[in-house]
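Asker: Here is a sequence with its predicted model. Questions after.
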Amino acid sequence: MKRLAFVMAVMFVLTGCQKPPQPQTTQQEQTASVETPQSKQGGEYLAKAITYLQDSKPAEAVQNLILAIQSNPQDLQPYLVLGQTYMHLNDFDNASQTYMAALRVAPDQGELYYLLAITNGLQGDKEQAIANAEKSLLIFQKERNEENFRRALVLLQGLSQEQAAP
């Protein structure tokens, strides 16, 4: 159990150092994208949240991240930051719910499944953690994202070994 906790902690730290994935858009979507008042306001809430996190004010950050999501529900970045904030606060239920909500917006994001797998593992739900790690692995393989594929593989191996141990 200590080994799994260590592996999860290391993976969590590594995840926090990575740039959150941006949803893939086509050239046509990029050309047509126009900043709306909601998306601008969502960006302002996100910026405030990051400032609050830097100032060690997680409660204020959470409030602004929720407002950012409400302002622009299609933007994945506030979901990712909110989920990781909840994880740092050891609020794994809310982290899990946040990642699940993000998956409803972008069901093809391997990073979301990866983070959800870590959260499930920390919650003690090894079967769901393995299932989500496998999903992230398949997505990263399909995208030919070698670095994230390796991270997901290490996570999956750690979860599988822990589940197999007596």
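Answerer: Nice, thanks for sending it over.

Asker: what's the weakest-modelled helix or strand in this protein?
Answerer: helix 27-32 (a mean of 38; mean pLDDT, DSSP states H and E).

Asker: got the contact list for the following helix or strand past that one?
Answerer: Toward the C-terminal end, the helix or strand that comes next after helix 27-32 (DSSP states H and E) is helix 37-54. Residues outside helix 37-54 that contact it (CB atoms under 8 Å, 6 or more residues apart in numbering): 58, 60-62, 64-65, 67-69, 71-72, 75, 77-78, 81, 85. Heads up, the C-betas are built off the backbone N, CA and C, glycines and all.

Asker: quick one, helices of this protein?
Answerer: 2-16, 27-32, 37-54, 58-71, 76-88, 92-105, 110-123, 126-143, 146-164 (DSSP state H).

Asker: CA atoms only for the longest one - export them in PDB, please.
Answerer: C-alpha atoms of helix 146-164 as PDB (Å, rounded to 0.1, in the frame of the first residue of the first chain):
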ATOM      1  CA  GLU A 146       5.000   8.800 -26.500                       C
ATOM      2  CA  GLU A 147       5.700  10.800 -23.300                       C
ATOM      3  CA  ASN A 148       2.200  10.600 -22.000                       C
ATOM      4  CA  PHE A 149       1.900   7.000 -23.200                       C
ATOM      5  CA  ARG A 150       4.900   6.100 -21.000                       C
ATOM      6  CA  ARG A 151       3.400   7.900 -18.000                       C
ATOM      7  CA  ALA A 152       0.100   6.100 -18.400                       C
ATOM      8  CA  LEU A 153       1.900   2.800 -18.800                       C
ATOM      9  CA  VAL A 154       3.900   3.300 -15.500                       C
ATOM     10  CA  LEU A 155       0.700   4.200 -13.700                       C
ATOM     11  CA  LEU A 156      -1.100   1.200 -15.100                       C
ATOM     12  CA  GLN A 157       1.700  -1.100 -14.100                       C
ATOM     13  CA  GLY A 158       1.800   0.300 -10.600                       C
ATOM     14  CA  LEU A 159      -1.900  -0.100 -10.200                       C
ATOM     15  CA  SER A 160      -1.900  -3.600 -11.600                       C
ATOM     16  CA  GLN A 161       1.000  -4.700  -9.400                       C
ATOM     17  CA  GLU A 162      -0.800  -3.300  -6.300                       C
ATOM     18  CA  GLN A 163      -4.000  -5.100  -7.200                       C
ATOM     19  CA  ALA A 164      -2.100  -8.400  -7.700                       C
END
